[in-house]
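[1] Coordinates for the following, if possible.
(chains A and B)
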There are 2 protein chains.
Amino acid sequence: MTPSCFFLGADIGGTNLRVALADSVGRILDSERASIADLRDPLLTVAKMRKLAAALLARQGVPASALRAVGAGAPGLTDTGRGIVLVTSYLMGWQDVPLRAYLEDAFGIPAAIDNDVNLAALGESRAGVAQSVDDFVFLAIGTGIGAGIVLGRQVHRGSNWRAGEVGYLLVPGVSEEPVPDGDPGAFEAQAGGEGIRQQWLSRWNPERTPLPRDLTATQIFDHARAGDALAAAVLHDTARVLSYGIYNLALVLDCPLFVLGGSVGLHPALAEKMRGILSRLDCHAPPRIVHSALGDQAQITGAVHLALERAALTAPAAGSTE
Amino acid sequence: MTPSCFFLGADIGGTNLRVALADSVGRILDSERASIADLRDPLLTVAKMRKLAAALLARQGVPASALRAVGAGAPGLTDTGRGIVLVTSYLMGWQDVPLRAYLEDAFGIPAAIDNDVNLAALGESRAGVAQSVDDFVFLAIGTGIGAGIVLGRQVHRGSNWRAGEVGYLLVPGVSEEPVPDGDPGAFEAQAGGEGIRQQWLSRWNPERTPLPRDLTATQIFDHARAGDALAAAVLHDTARVLSYGIYNLALVLDCPLFVLGGSVGLHPALAEKMRGILSRLDCHAPPRIVHSALGDQAQITGAVHLALERAALTAPAAGSTE
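    Have a look, this model is predicted:
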């Protein structure tokens, strides 16, 4: 590959779009972001992506002809084989969107897509905290909870592209009631950001805490660290449920490393608490719990590496002339 | 490969050894078994294996020179990469046994080893009920519970050869207490054969059932089918815990098929009950629950296919002369 190879990565969120320009080893040279909160039509999102990419190329003095591939992630169930976003959650409402084809049409280069949590896992595998391991799980804990599972340095996507749907895990301490369609799963309803807020609301009582009723999950964890007993109880119960989930995943997969991401997952009090619980559950070899090294860059870094790996698949064989 | 290729498979159990002679597509032509209940030294087990193999070859008129590879399974943690049985449970007490090297020395042909549950999964994948799927889980429910996980038609063994140690899963309804070293896990302590017997003992009361106090797990399930209310309650609670475990595995792996084996797993009342519970938990696409097609031949069939695949790795390249 010539040194003048460049790649695009895109992170399509519920409200924001980010596009990054990267070099031939996946280093991000520059990035742009824009709101897509008012866009429902995926083609409009792709058009905005082109606009951001054009700005990046101009700013970095890179000709469009030097782009080799584009990788993109969307927050939803994604058929990476056919290149289709099957369904997105939250605001976007995409269904059966042939995003890969849209991207290949728009950019005229090979494209690949995956869901956002899988891309975050890929990012940590290729350029983050999990570079030295073959098997690990990226656990994204935000409003809900999802996992990206990497086995043998490849994302494990499952028979129906649903692997890692851990928001529905059943562990001691969560509700056993069947979950109505579209509702959060039992596991995330307890230990996701919104679940943590609900735990707080249901226990809150002005006689038990001087803190206000309306707090976010990370604020509750801050107060737990600062010594509020009620907040500490919520932190403990959350960490317990999450630890049980991680313990189960570690057993099934025999996976030694868990990387926490997402606004709730990155809170330092949570990892600390979980390490204690996990070491009591398994005195021999509790899985290692670390924070994402890439933070909110994990997904776009994964998207860039998806593009690199897509290009490697379509690169002319060694020795052929370009 | 010439038509006169033959393979050996061996299933080393806690008390019995089975050896099978198979043809070049893995069909078992003949098999022998012997007790090894009094043997502790692995070399004595290998010597007995040679004796059984010699008897099979003589009976089938196959020259030893037509054997291409041998595959063997032991009931314990197995490093398939280095060919070492790290530790066995129950009576055998093997530790760090270089079984692959012992077999290669004894038979003078390539050998491969794996643990018994993984071999049962391989058997179902290559010649049993899971031939048409890429991903599935074999769940062996006997005294304890173990899983063999097949992803992309390959056994997933994990970072420390421990993948599928589901006996320790934490699901609603099992004990959350840390498990002392060497004790059964929380999941199998509830839903394995011995756990089911304990459930029965702890609930048994002559005023609640006309049945005797001393029953095995499968006898309890038989009585549940025949209408005994106390036995039916034990069956229900067992099926519930097992269903939660399967539900979790299906979520994590996105795996559509679960194959039940082992004396308890093969009981028809259990699968029936679990199908009902799983369809209530997930109204869209509950995983399919089927019984092992190979029954107590699953492991030795897997051993034979392990041998075939070992030979394929070492076969001379196509077109070379033998």
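[2] What is the helix or strand hosting residue A:195 packed up against?
    Taking DSSP states H and E as the criterion, the element that holds residue A:195 is helix A:193-203. If you count contacts as 3 or more CB pairs under 8 Å, 6 or more residues apart in numbering or on different chains; DSSP states H and E, helix A:193-203 packs onto helix A:186-191, helix A:217-226, helix A:229-253, helix A:262-265. C-betas here are computed from N, CA, C, even on glycine.
[3] Can you list the buried residues in it?
    Neighbour-count burial for helix A:193-203 flags A:193, A:194, A:195, A:196, A:197, A:198, A:199, A:200 (criterion: 16 or more other CB atoms under 10 Å in any protein chain shown).
[4] okay but residue A:199 is in contact with residue A:235, surely?
    No - assessed by CB atoms under 8 Å, residue A:199 is found out of contact with residue A:235, at 9.6 Å.
[5] In space, what's closest to residue A:303 - neighbours in sequence excluded?
    residue A:9 (3.3 Å; CB to CB, 6 or more residues apart in numbering or on different chains).
[6] Spell out the secondary structure type for the one you found.
    Here residue A:9 is strand, with the state taken from DSSP: H, G, I helix; E, B strand; the rest coil.
[7] From residue B:20, how far out is it?
    53 Å (CB to CB, to the nearest Å).
[8] and those two? which has more neighbours close in?
    Neighbour totals were compared for residue A:9 and residue B:20, and residue A:9 leads with 30 against 27 (other CB atoms under 10 Å in any protein chain shown).
[9] Quick one, grab the pLDDT at the more buried one.
    With respect to pLDDT, residue A:9 has a value of 98.
[10] Quick one: the strands in the stretch 1-150 of chain A, in order.
    In the stretch 1-150 of chain A, the segments counted as strands under DSSP state E, counting those that start in this stretch are A:6-12, A:16-22, A:28-35, A:67-74, A:76-79, A:84-88, A:95-97, A:111-115, A:136-141, A:145-151.
[11] on that earlier part again, okay, the buried residues of helix A:193-203 in TSV with distance to residue B:34 and pLDDT next?
    Formatted as TSV, those follow (distance: CB to CB, whole Å; pLDDT from 0 to 100):
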residue	distance to residue B:34	pLDDT
A:193	60	96
A:194	61	95
A:195	57	96
A:196	59	97
A:197	64	97
A:198	61	96
A:199	59	96
A:200	64	97
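[12] sec struct for residue A:308, please.
    helix.
[13] residues near it, how many?
    When counting by other CB under 10 Å, one arrives at 22 neighbours for residue A:308.
[14] Could you tell me which residues of the stretch 51-200 of chain A lie near chain B?
    Neighbours of chain B within the stretch 51-200 of chain A, by CB under 8 Å from any CB of the partner chain: A:133-135, A:147, A:149, A:151, A:156-166, A:168-174, A:176, A:178, A:181.
[15] List only buried entries from these.
    A:133, A:135, A:147, A:149, A:151, A:156-159, A:161-166, A:168-171, A:173-174.
[16] For chain B, what is the nearest residue in the stretch 201-322 of chain A?
    Closest to chain B within the stretch 201-322 of chain A is residue A:254: 2.3 Å, counting by CB to the nearest CB.
[17] OK, contacts around that residue?
    Contact partners of residue A:254, counting by CB atoms under 8 Å, 6 or more residues apart in numbering or on different chains, are A:135, B:157, B:158, B:159, B:160, B:161, B:162, B:163, B:164, B:165.
[18] and if you look at residue A:233?
    By CB under 8 Å, 6+ apart, residue A:233 lies in contact with residue A:203.
[19] Over to residue A:150?
    Neighbour list for residue A:150: A:121, A:122, A:125, A:130, A:134, A:135, A:136, A:137, A:138, A:156 [criterion: CB under 8 Å, 6+ apart].
[20] So how do I select the buried members of the residues you listed in ChimeraX?
    Buried residues among the contacts of residue A:150 (16+ other CB under 10 Å), as a ChimeraX selection:
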select /A:121,122,125,130,135,136,137,138,156
